[in-house]
Structure formats: structure tokens, C-alpha cells
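K.L.:
3D model of this:
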Amino acid sequence: MTETNDQVQSNDIPAASDVPAAAEGQQDRRGGRAEGRGGDSRRGGGRGRDNRRGQERDSEWQERVVQIRRVSKTVKGGKKMSFRAIVVVGNEKGQVGVGVGKAGDVIGAVRKGVADGKKHLVKVPLTRHNSIPTLSNGRDGAASVLIRPAAPGTGVIAGGSIRTVLELAGIKNVLAKRLGSKTPLNNARAAMEALAGLRTHKETAKERGISLEQIYS
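P.N.:
Below is the predicted model:
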């Protein structure tokens, strides 16, 4: 089985006195059924509120497509074409995830990538200046990423898929360097490994069984 990749370049009413009594009775019965439907709609208001809450939760998440490639799989009858999408999902509040989706169309691949990214979320500790507490290294395959904190006003000094991951995590001041492979997926996953390994000074002191003052001394 072999795969080949091709990148796709990157929405008039009568008066009341004129209505016969029988018609009035029919209108009353119809009105009763209409009122019953209205009552059902009122009872269904809870479901409407749940849908709105779900939409609000979804609106907190931002999605960015890093790469879309057309891939082919060699099968018995020939080649089967599909699309692979790399998607980064984050809420800019310290949570970010990278997902990959494959489907026969681009929209389906992106949808699967978003679902996969939300399954692999990482909690990132942020400082009061929207930076990271310590230097961190991450590695995935042949890709290696170095991430270190920066002073306020520095911005996000990074490139490629690493920049997307850092921005959606909510980091505003950081320095990052890509080492090794240039593959977007490996770099994004290496950045995730680096962010997952971050610890605050308080957590480090607790793990080592020492006071916080000794960490700074």
C-alpha cells in the first residue's frame, strides 16, 4: 500500500357574523390543537436553551486549518483518492489540540480533524503576561521544537504550524525555534509535547517537596 500527497491550494376575510356556527366549532377545535402545539413548543423550550448553550460552548473554540493534502491509497481496483486535513483547535485560554482527519471531501476531512483535535487537548499554564513559565523542548519523529518565555511586548516569534499552536493556546509573548524536520504535522505535535511538559514553579516545588522560596533562590 502506497500513498502519494498533493497539496490543495489553499459560505378578503369575512366578518364574524358571517361565519356559520359549524365553522366556528371547527375553528375552536383547530384553535385547541394549535394551543396544544404551542404548549408543546413551550415544553420544548428547554431543548432550545440546551442548543444555545452548546453553541456558546462551541463558539469559544477557534479552528485553523494548517494543511490540506490530497492523498491516494493503492487498492485492488486502482487508486482511492481522499483528503487529509491538519487542524489546530484552541480557546486562547490555555487549551489547545492538534487533530488529523481524512475523508473523501475537504469539508469532511476538516470536520474529522476538529473532532480529533478536541479529543487530544492539552492544558497550558500561562503567566500573567500571557507567556509560559519555563523553557521547554518537544520532539515528535524527526521534528524538534524549542520554546522559551519572552518579555511582555515581544509577541509570538515562531513560524509555520508552531505559531498556530501557540496563538490558539493563548500565548502572546514567546520565542520558538524549529529544529530538524519541516513537516507541519510533526512540528505541531512537537509543539504540543513541549507545551504538555510545562510546569509552574508551584507545581515543581510540590513535586520536589521543597518550598517555593527555594525554587527562586
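K.L.:
What separates the first and last residues of stretch 149-166, distance-wise?
P.N.:
12 Å (Cα to Cα, to the nearest Å).
K.L.:
Enumerate residues external to that stretch that contact any of its residues.
P.N.:
If you take Cβ atoms under 8 Å, 6 or more residues apart in numbering as the criterion, stretch 149-166 is touched by 64, 66-67, 86, 88, 90, 96, 98, 127, 129, 131-135, 145, 147, 167, 171-178, 182, 184-185, 187-188, 190-192, 195. (C-beta placed from N, C-alpha, C; glycine too.)
K.L.:
Check the spacing between Met81 and Pro184 real quick.
P.N.:
From Met81 across to Pro184, the span is 21 Å (Cβ to Cβ, to the nearest Å).
K.L.:
For those two, indicate the residue with more neighbours.
P.N.:
Pro184 (18 against 12; other Cβ atoms under 10 Å).
K.L.:
what sits against that one?
P.N.:
Contacts of Pro184 by Cβ under 8 Å, 6+ apart are 66-67, 86, 160-161.
K.L.:
Among the contacts of stretch 149-166, name the ones in helices.
P.N.:
Assigned to helices by DSSP state H, the following of the contacts of stretch 149-166 qualify: 167, 184-185, 187-188, 190-192, 195.
K.L.:
Check which residues of stretch 95-114 are buried.
P.N.:
For stretch 95-114, burial by neighbour count (16 or more other Cβ atoms under 10 Å) applies to 95-103, 106, 109-114.
K.L.:
Could you turn the buried ones of the ones in helices among the contacts of stretch 149-166 into a PyMOL selection?
P.N.:
In PyMOL, the members of the ones in helices among the contacts of stretch 149-166 classed as buried (16+ other Cβ under 10 Å) are selected with the following command:
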select buried, resi 167+184+185+187+188+190+191+192+195
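K.L.:
Quick one: low-confidence residue ranges for this structure.
P.N.:
1-58, 217 (pLDDT under 70).
K.L.:
got the contact list for the residue positioned nearest the centre of the chain?
P.N.:
Geometric centre of the chain, nearest residue: Val89, 2.4 Å, by Cα atoms, centre = their mean. The neighbours of Val89, taking Cβ under 8 Å, 6+ apart as the test, are 61-63, 96-99, 114, 117-118, 121, 168.
K.L.:
Out of those, which is nearest to Val71?
P.N.:
Nearest to Val71 among the contacts of Val89 is Gly99, at 16.2 Å by Cβ to Cβ.
K.L.:
Report the beta-bridge partner residues of that closest one.
P.N.:
Applying DSSP bridges to Gly99 gives these bridge partners: Val87.
K.L.:
Same check on Gln95?
P.N.:
Lys123.
K.L.:
between whichever helix or strand Lys73 is part of and helix 184-196, how many degrees?
P.N.:
Following DSSP states H and E, the helix or strand that holds Lys73 is strand 62-75. Angle between the axes of strand 62-75 and helix 184-196 is 130 degrees (criterion: axes from the mean of the first three to the mean of the last three Cα atoms, to 10 degrees).
K.L.:
buried sites along strand 62-75?
P.N.:
63, 65-69, 71.
K.L.:
what's the farthest-apart pair in these?
P.N.:
Every pair of these checked by Cβ to Cβ; the farthest is Glu63 and Val71, at 20.9 Å.
K.L.:
Kindly state the domain boundaries assigned to the chain.
P.N.:
16-55, 124-217 (automatic domain parsing).
K.L.:
Contact partners for the nearest residue to Gly101 once chain neighbours are set aside?
P.N.:
With sequence-adjacent residues excluded and distances taken as Cβ to Cβ, 6 or more residues apart in numbering, Gly101 is closest to Lys112, at 2.8 Å. Residues in contact with Lys112 (Cβ under 8 Å, 6+ apart) are 85, 99, 101-103.
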